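> what's the 3D shape of this:
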Amino acid sequence: MPCGYCSQTAKKVLFLMMKIVVELALVGAIASVFIVAAQGRAAERAAEEAAGREYMRKLDELMAKAQNRRTLASWNYESNITNYNEEQMLQISLEVAEEQKEYWKETMSYLWHEYEDPDLKRMFKKYSELGTAALPEDLNQRLLTAISNMQSIYATATICDYKDRNKCDLHVEPDVTDIFANSEDPEELKYTWLEWHKAAGAPSRGNFTEYIQLDNEAAKLNGYDSVAEWWLSAYESDDSEDQFASLWSQVKPLYQQIHAYVRRQLREKYGENVVSARGPIPAHLLGNIWAQTWGNIEKFTRPYPNKPEVDVTSALIAQNYTALKMFQTAEEFFKSLNLSGMPDLFWERSIIEKPNDGRELVCHASAWDFYDGEDFRIKQCTTITAAFFKTTHHEMGHIQYYLQYKDKPVVYRGGANPGFHEAVGDVIALSVSTPKHLKIVGLLEDGPEDTESNINQLYKMGLDKIVFLPFAYLLDIFRYGVFRGTTTTRDYNCHFWRLRETLQGLEPPAPRSEDDFDPTAKYHVAADVEYMRYYVSYIVQFQFHRALCQLAGEYSPGDSDKILSACDIYRSQEAGEALGKMLQMGSSKPWPDAMEALTGQRNMDASGLLEYFEPLHEWLKRENERTGEYIGWEASNIEYCSDEQRMAMDEFGFNERLKKYAAL
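Sure thing, here's the model as predicted:
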């Protein structure tokens with residue numbers, strides 16, 4: 001090969017090598033620029049997150065003070081309903097709303113979506129929702145006034161006594177509640193039902209309509225199509241409604257068996273002209289003004305009436321229990337689990353009995369967190385009954401949750417999802433209600449613990465836990481429809497009763513029309529309280545109970561000596577430690593994380609509930625088959641929708657949506 005050619009080739013190779021070196025150097029330089037830029041951006045992001053973290057710390061302090069002011073004003077009003085206290089509550093609520101709006105503007109100036117710290121992003125996300133404060137001040141005032149008006153109508157509504165029409169000072173608690181607990185006169189019950197719904201329901205219709213409109217405006221300003229989506233967002237899942245429907249499909253067969261059995265018992269007591277063999281049950285005959293729980297009819301419907309009755313009310317009275325002693329007994333249960341006792345301020349500032357100074361107050365039992373880490377209260381017009389014995393443990397469960405997460409940032413001081421808070425106290429009540437526990441605390445003498453006694457006890461629990469589920473479910477399905485506009489003002493009462501008939505198998509005691517407005521005769525509707533939390537709580541409490549009972553060594557699947565319904569976790573520090581760890585999380589993590597921490601599951605599941613009630617379910621199936629009882633219910637003969645309304649339900653898809661909700 002000629003030398004000249006070799007020289008040219010060498011030059012080409014050298015040129016190519018130099019070109020590659022230059023290109024590599026250029027790439028390296030560019031990469032260095034990017035690395036430096038990335039390092040600079042990382043440092044910048046770290047500085048931004050540090051600034052965001054410091055801002056969040058200060059914001060949380062400010063929000064604690066604002067929430068404290070607002071809660072104090074609400075307490076003052078609800079514990080003493082006067083025009084002055086109402087004006088103060090509204091004024092302070094508006095002031096706090098304006099403060100929140102200013103804080104929100106600053107919060108939204110942070111680029112929190114780009115933060116790497118998931119906890120910091122979660123706090124910013126929670127604070128990025130302004131709530132009703134997003135409304136202009138005049139509209140927010142109208143919204144608050146509408147809600148306050150409904151609460152006031154509910155709290156101050158009175159009716160005349162059936163037996164003495166000149167006595168017209170009967171309130172829902174304790175008067176109406178006592179009538180439904182004790183009367184077995186269907187005419188007295190019908191009269192009282194109609195009068196209460198007339199006094200507490202119909203007058204709130206206009207306020208309710210305005211509340212729906214304004215609350216929806218607030219939802220849109222917070223980025224939601226309606227309040228329905230806003231409420232559902234608290235469950236942190238895109239398919240929450242499907243999950244709720246799936247849970248109902250699990251428990252519906254058990255509910256239908258209880259319904260069929262109770263309908264037969266009521267028919268035998270009141271006659272087929274009052275209770276039909278195949279239709280819905282009249283809502284006024286179930287021992288509760290809302291027919292949400294049926295425990296007060298247990299005394300004449302129990303499966304084995306000759307078995308000794310577990311009469312806790314009589315035992316409480318015989319042993320001179322006071323409201324204070326009830327609360328102290330509940331506190332001792334939590335302390336036995338190595339959880340917290342009540343702080344001194346709790347005993348100083350709570351209202352545990354109805355004051356006898358003549359003031360009007362909201363008697364509905366409620367637990368309060370004043371967001372200062374020290375002040376926690378209960379407001380409850382306690383009477384000495386088994387129901388209030390359980391309610392006291394339930395409300396103390398809320399306080400225990402507050403105490404366990406009180407050191408978390410204010411934004412995390414809430415249940416993992418809305419149902420968790422309600423479930424905690426009920427988990428304790430599941431233990432408290434067992435004959436085993438009642439014997440330990442001296443409220444039940446030794447007696448037989450045979451199969452028949454267990455069926456009676458489970459039946460009594462079922463009239464509380466199982467029959468409540470469709471009521472809790474439909475109350476918010478109704479409101480979802482109203483918020484979304486698929487239930488319009490002209491159809492409020494019609495759609496409400498269509499849901500009650502389809503899901504609960506109940507009918508009103510007399511024809512209803514749109515001149516009536518029955519939903520706000522229920523406190524939580526009048527007070528703007530989301531209700532699906534109770535539905536969820538009545539499911540997940542059995543998941544919690546099953547896990548805690550296994551930790552306490554009180555439940556072993558397949559062991560007839562350690563059945564779930566007989567479990568009492570009293571004095572189990574292992575169970576208390578596990579429960580405390582979940583409670584301390586507050587809402588700092590998505591609820592599946594909290595669920596998994598206690599139960600090992602990441603979904604809501606009714607299998608714990610079904611395990612608990614399995615002996616009752618099997619007994620009901622055999623009994624209903626023996627008597628030939630119709631399972632389910634045919635259409636009601638009581639009119640509550642006009643022909644035009646019924647046609648519209650088909651035309652606008654209401655009945656199709658209803659089939660989905662009702663698992664038909």
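> what sits closest to the most centrally placed residue in the chain if chain neighbours are left out?
By Cα atoms, centre = their mean, the chain has its centre lying nearest to residue 533, at 2.1 Å. Spatial nearest neighbour of residue 533, excluding adjacent residues (Cβ to Cβ, 6 or more residues apart in numbering): residue 418 at 3.5 Å. C-betas here are computed from N, CA, C, even on glycine.
> residue 224 now?
Nearest to residue 224 is residue 230, by Cβ to Cβ, 6+ apart, at 4.3 Å.
> relative to residue 199, how far out is that neighbour?
According to Cβ to Cβ, to the nearest Å, residue 230 and residue 199 sit 31 Å apart.
> what of residue 378?
27 Å.
> pretty sure the residue nearest to residue 533 contacts residue 531?
No: using Cβ atoms under 8 Å as the test, residue 418 is too far from residue 531 to be in contact (9.3 Å).
> quick one: contacts for the residue nearest to residue 224?
219, 222, 224 (Cβ atoms under 8 Å, 6 or more residues apart in numbering).
> same thing with residue 513?
493, 640, 642.
> pLDDT score assigned to residue 658?
At residue 658, the pLDDT value in this model is 89.
> same deal with residue 561?
At residue 561, the pLDDT recorded in the model is 87.
> element containing residue 245, please.
helix 240-270 (DSSP states H and E).
> all the helices of the stretch 1-150 of the chain, residue numbers only.
3-78, 83-107, 118-127, 137-156 (DSSP state H, counting those that start in this stretch).
> which one of these is the most hemmed in?
Among the helices of the stretch 1-150 of the chain, ranked by average contacts under mean count of other Cβ atoms under 10 Å, first place goes to helix 137-156 (a mean of 19).
> by contact count, what packs against whichever helix or strand comes after that helix?
The helix or strand immediately downstream of helix 137-156 is helix 177-182, counting by DSSP H and E. Packing partners of helix 177-182 (3 or more Cβ pairs under 8 Å, 6 or more residues apart in numbering; DSSP states H and E): helix 186-200.
> CA atoms only: put the helix it packs on into PDB for me.
Extracted in PDB, the C-alpha atoms of helix 186-200 (Å, rounded to 0.1, in the frame of the first residue of the first chain):
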ATOM      1  CA  PRO A 186    -100.100   2.600  67.600                       C
ATOM      2  CA  GLU A 187    -102.400   5.600  67.600                       C
ATOM      3  CA  GLU A 188    -100.200   7.500  70.100                       C
ATOM      4  CA  LEU A 189     -97.100   6.600  68.100                       C
ATOM      5  CA  LYS A 190     -98.700   7.700  64.800                       C
ATOM      6  CA  TYR A 191     -99.900  11.000  66.300                       C
ATOM      7  CA  THR A 192     -96.400  11.700  67.900                       C
ATOM      8  CA  TRP A 193     -94.600  10.800  64.700                       C
ATOM      9  CA  LEU A 194     -96.700  13.100  62.600                       C
ATOM     10  CA  GLU A 195     -96.600  16.000  65.000                       C
ATOM     11  CA  TRP A 196     -92.800  15.800  65.400                       C
ATOM     12  CA  HIS A 197     -92.200  15.700  61.700                       C
ATOM     13  CA  LYS A 198     -94.600  18.600  61.200                       C
ATOM     14  CA  ALA A 199     -92.800  20.700  63.900                       C
ATOM     15  CA  ALA A 200     -89.200  19.800  63.100                       C
END
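> send me stretch 246-263 as PDB with only the CA atoms.
C-alpha atoms of stretch 246-263 as PDB (Å, rounded to 0.1, in the frame of the first residue of the first chain):
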ATOM      1  CA  SER A 246     -70.700  -3.400  47.800                       C
ATOM      2  CA  LEU A 247     -70.800  -3.300  51.600                       C
ATOM      3  CA  TRP A 248     -74.600  -3.000  51.400                       C
ATOM      4  CA  SER A 249     -74.700  -6.000  49.100                       C
ATOM      5  CA  GLN A 250     -72.800  -8.000  51.800                       C
ATOM      6  CA  VAL A 251     -75.200  -7.200  54.700                       C
ATOM      7  CA  LYS A 252     -78.500  -6.900  52.800                       C
ATOM      8  CA  PRO A 253     -79.400 -10.600  53.100                       C
ATOM      9  CA  LEU A 254     -79.000 -10.400  56.900                       C
ATOM     10  CA  TYR A 255     -81.100  -7.200  57.100                       C
ATOM     11  CA  GLN A 256     -83.900  -8.800  55.100                       C
ATOM     12  CA  GLN A 257     -84.100 -11.700  57.500                       C
ATOM     13  CA  ILE A 258     -84.300  -9.400  60.500                       C
ATOM     14  CA  HIS A 259     -86.900  -7.200  58.700                       C
ATOM     15  CA  ALA A 260     -89.100 -10.300  57.900                       C
ATOM     16  CA  TYR A 261     -88.900 -11.600  61.400                       C
ATOM     17  CA  VAL A 262     -89.700  -8.200  63.000                       C
ATOM     18  CA  ARG A 263     -92.600  -7.600  60.500                       C
END
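> understood, closing this out.
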